[in-house]
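Trainee: Quick one, fold the following:
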Amino acid sequence: MKRVKRAVFAGAVCEQIVYNVADNLREIKKSKPKPRFRTDEERERHKTEIARRHHALIFNNTFRAGSSLYSTLTFDDEHEVHTFPEARRVRDAFIRRLRRRFPDAQIMIYMGRGKSTERIHFHMVSEGLPEEVIHKQWTCGGTGRIVKLREHNKYNGVDYGADFTGLANYLFNHWTAEQGGHRYYRTRNIEEPKKERVTLIRRDYSVDKPPRAPKGYKLVESECNEFGYLYFKYVKVPCRGGALLLPECERRTKKRVE
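Mentor: Have a look, this model is predicted:
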């Protein structure tokens with residue numbers, strides 16, 4: 001078996017993963033298949049976690065602190081809807097109005113029910129939409145609040161800078177089986193994370209010995225599972241003025257084998 005490493009860049013976040021691969025395809029064919037999941041529930045949880053991680057990566061890679069907007073959209077008594085198929089029709093018409101005005105806007109929108117009121121509402125995160133346009137085009141009630149994404153997000157007392165994973169997970173969890181369909185709506189121009197080529201490594205990494213942080217990043221999380229899969233999370237270090245110390249990751253032209 002070989003140990004390899006891959007880095008994934010998404011906005012202010014860099015993830016580095018270290019894992020094993022077979023030396024050649026013959027070893028894979030000769031090995032006996034092992035049951036990975038004991039139950040269908042375990043399989044579904046695994047698929048959900050993969051979807052959650054990908055959602056957080058595209059969220060971080062698309063939206064920007066200080067310019068992207070987080071909006072809460074509610075229905076008044078006159079326009080209230082009681083089922084998610086009704087809400088989906090309202091959502092789709094709302095998005096069409098927005099995109100007619102701003103076709104290049106990047107939008108992710110989520111449906112949910114209030115915990116105490118049980119009323120359906122939307123949350124939307126957008127880049128390239130003026131606040132006044134959102135107010136004008138949402139004609140079904142109040143826009144609860146519209147705020148810019150923060151430049152500093154703290155998790156367990158640590159400043160993660162412009163890492164929006166907490167908000168992304170909160171919105172991802174809004175989906176319920178009652179809604180059916182996809183967990184969220186996204187425009188086609190949502191940006192996928194930037195994945196570097198997998199590289200062979202010659203040194204041993206562990207939770208206590210992580211890979212070197214990319215220039216301008218700091219390590220904030222380290223994890224290891226029973227199969228030797230290592231996960232390391234780094235975030236861009238913010239300056240006092242809110243700027244970030246690292247140029248965009250596409251400027252990284254040299255790839256080293258560590």
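Trainee: Work out for me the element residue 5 sits within.
Mentor: strand 2-10 (DSSP states H and E).
Trainee: where exactly do the helices run in the stretch 151-258 of the chain?
Mentor: Under the criterion DSSP state H, counting those that start in this stretch, the stretch 151-258 of the chain contains helices at 165-172.
Trainee: coming back round to it: give the rounded mean pLDDT of the strand holding residue 5.
Mentor: Averaged over strand 2-10, pLDDT sits at 92.
Trainee: Tell me which other helices or strands it touches.
Mentor: strand 13-21, helix 40-62, strand 194-195, strand 199-200 (3 or more Cβ pairs under 8 Å, 6 or more residues apart in numbering; DSSP states H and E). Backbone N, C-alpha and C define where each C-beta goes, glycine included.
Trainee: ok, and which of the ones you listed has the densest surroundings?
Mentor: Mean neighbour counts were compared across the helices and strands packed on strand 2-10 using mean count of other Cβ atoms under 10 Å; the top stretch is strand 13-21, at a mean of 19.
Trainee: who does that strand touch, helix- and strand-wise?
Mentor: The contact analysis (3+ Cβ pairs under 8 Å, 6+ apart) places strand 13-21 against strand 2-10, helix 40-62, strand 230-236.
Trainee: Pull the residues that contact stretch 161-181.
Mentor: For stretch 161-181, contacts defined as Cβ atoms under 8 Å, 6 or more residues apart in numbering pick out 11-13, 51-52, 55-56, 59-60, 63-65, 70, 84, 88, 108, 110-113, 123, 125, 149-153, 155, 183-184, 220, 235-238, 244.
Trainee: Enumerate the positions of it that are buried.
Mentor: 161, 162, 163, 164, 165, 167, 168, 171, 172, 174, 175, 179 (16 or more other Cβ atoms under 10 Å).
Trainee: any chance of those in TSV, plus pLDDT?
Mentor: As requested, these are exported to TSV (pLDDT from 0 to 100):
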residue	pLDDT
161	92
162	94
163	96
164	97
165	96
167	97
168	97
171	97
172	97
174	94
175	95
179	95
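Trainee: Tell me the one among the residues you listed nearest to residue 44.
Mentor: Distance to residue 44 across the buried residues of stretch 161-181 (Cβ to Cβ) is lowest for residue 175, with 13.3 Å.
Trainee: residue boundaries of the strands in the stretch 101-250 of the chain?
Mentor: All strands of the stretch 101-250 of the chain, identified by DSSP state E, counting those that start in this stretch, fall at 106-113, 120-127, 143-148, 154-155, 158-159, 185-186, 194-195, 199-200, 217-224, 230-236.
Trainee: got the angle between the first one and helix 165-172?
Mentor: Relative orientation of strand 106-113 versus helix 165-172 (axes from the mean of the first three to the mean of the last three Cα atoms, to 10 degrees): 60 degrees.
Trainee: cool, the last one as well?
Mentor: What separates the directions of strand 230-236 and helix 165-172 is an angle of 110 degrees, with the same axes, to 10 degrees.
Trainee: by contact count, what packs against strand 230-236?
Mentor: In terms of contacts (3+ Cβ pairs under 8 Å, 6+ apart), strand 230-236 is packed against strand 13-21, strand 217-224.
Trainee: who touches the shortest one?
Mentor: Okay, so that is strand 217-224. By Cβ under 8 Å, 6+ apart, the list of residues contacting strand 217-224 from outside reads 14, 155, 158, 160, 163, 206-208, 210, 213, 230-237, 246.
Trainee: Could you do the longest one as well?
Mentor: For strand 13-21, contacts defined as Cβ under 8 Å, 6+ apart pick out 1-8, 57, 60, 163, 165, 201, 205, 210-211, 213-214, 217, 227-236, 249.
Trainee: Residue ranges in this structure under the pLDDT threshold?
Mentor: 24-36, 238-258 (pLDDT under 70).
Trainee: Okay then, goodbye and thanks.
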